[in-house]
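Any chance you could fold what I've pasted below:
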Amino acid sequence: MTKILVVEDDDTISFGIISALKNKGYECVGCASVAQGKELFSEEIQMVLLDLNLPDGNGYDFCRWVKDRADTPIIFLTVRDDVRDITKGLDMGADDYVTKPFHIAVLESRIAAVLRRGQKDNSQVITCGNIRMDKKKMQVSLDGQDVDLTALEYRLLSVMLENKGRTLPRNLILEKLWDADGNFVNDNTLTVTVKRLRKKLLDTEHIVTIRGIGYRMEEKI
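Coordinates of the predicted model:
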């Protein structure tokens, strides 16, 4: 059973989240402060739902504290919808964010997506809708037809597929592309590469632009 730590100082919101998640089969532990969160956090915790505004600190501090100790997935719960606030959390390692008010079904969907990404998968094939990447053969296909990509386009698509469902800030994508090849990739190059990749994938709807933040690869219903 997946154990989730809910760090939220609004009793009503915390009760609603915990009740809904327990009904979905999750084990939940709730607290209302950074200090309590540190006391309750352990290797048994498989995910943290974290409010940004807490009485004895902020979610950023707790996120940094957790990431220094473990690679536990973190989803921010926040009333702040400012791009800088959201990007700051994602850049420091948070896996996703949900802005308040939110429907519990949205939160459940985000949790499921993050947990899927965290599962060990030895498969060399990654898919999203009609897009398929065979990492062993280094081949990409769309509806079964091979797609000819440049090395940079391939690496970009690989990063996005491996993080399917996760909002990736532009800075984080640039860092991953840099690490992959050692060559400098600037912001303008990223914009052009995304545009060309979309075109080669026939204007796919699976690559979503998150205005002011970055991009997300997601399944379409």
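
which residues in this protein form strands?
With DSSP state E as the criterion, the chain has strands at 3-7, 27-31, 47-51, 53-54, 57-58, 74-78, 96-99, 125-128, 131-134, 139-142, 145-147, 168-169, 207-210, 214-217.

Can you list the residue ranges for helices in the chain?
11-23, 34-40, 59-67, 83-91, 104-118, 151-162, 170-181, 187-200 (DSSP state H).

measure Ser42 to Leu5 for me?
Noted for Ser42: a distance of 9 Å to Leu5, by C-beta to C-beta, to the nearest Å. Yep, even glycine has a C-beta here, placed from its N, CA and C like the rest.

More neighbours: those two, which one.
Neighbour count, other C-beta atoms under 10 Å: between Ser42 and Leu5, Leu5 has more, with 24 against 12.

if I pick the more buried one, what's in contact with it?
28-31, 37, 40-41, 45, 47-49 (C-beta atoms under 8 Å, 6 or more residues apart in numbering).

Kindly indicate the member of these with the most neighbours.
Highest count within the contacts of Leu5 by other C-beta under 10 Å belongs to Gly37, 27 neighbours.

now that one, nearest residue through space, not along the chain?
Closest residue to Gly37 apart from its sequence neighbours, by C-beta to C-beta, 6 or more residues apart in numbering: Val7 at 4.4 Å.

same deal with Lys100?
Nearest non-adjacent residue to Lys100, counting by C-beta to C-beta, 6+ apart: Val79, 4.7 Å away.

Wait, the one you found touches Val98, no?
No: taking contacts as C-beta atoms under 8 Å, Val79 lies outside contact range of Val98: 10.7 Å.

higher neighbour count, these two?
Val98 (17 against 11).

Sketch out the low-pLDDT regions of this protein for me.
For the chain, the stretches with pLDDT under 70 are 118-123, 179-183, 221.
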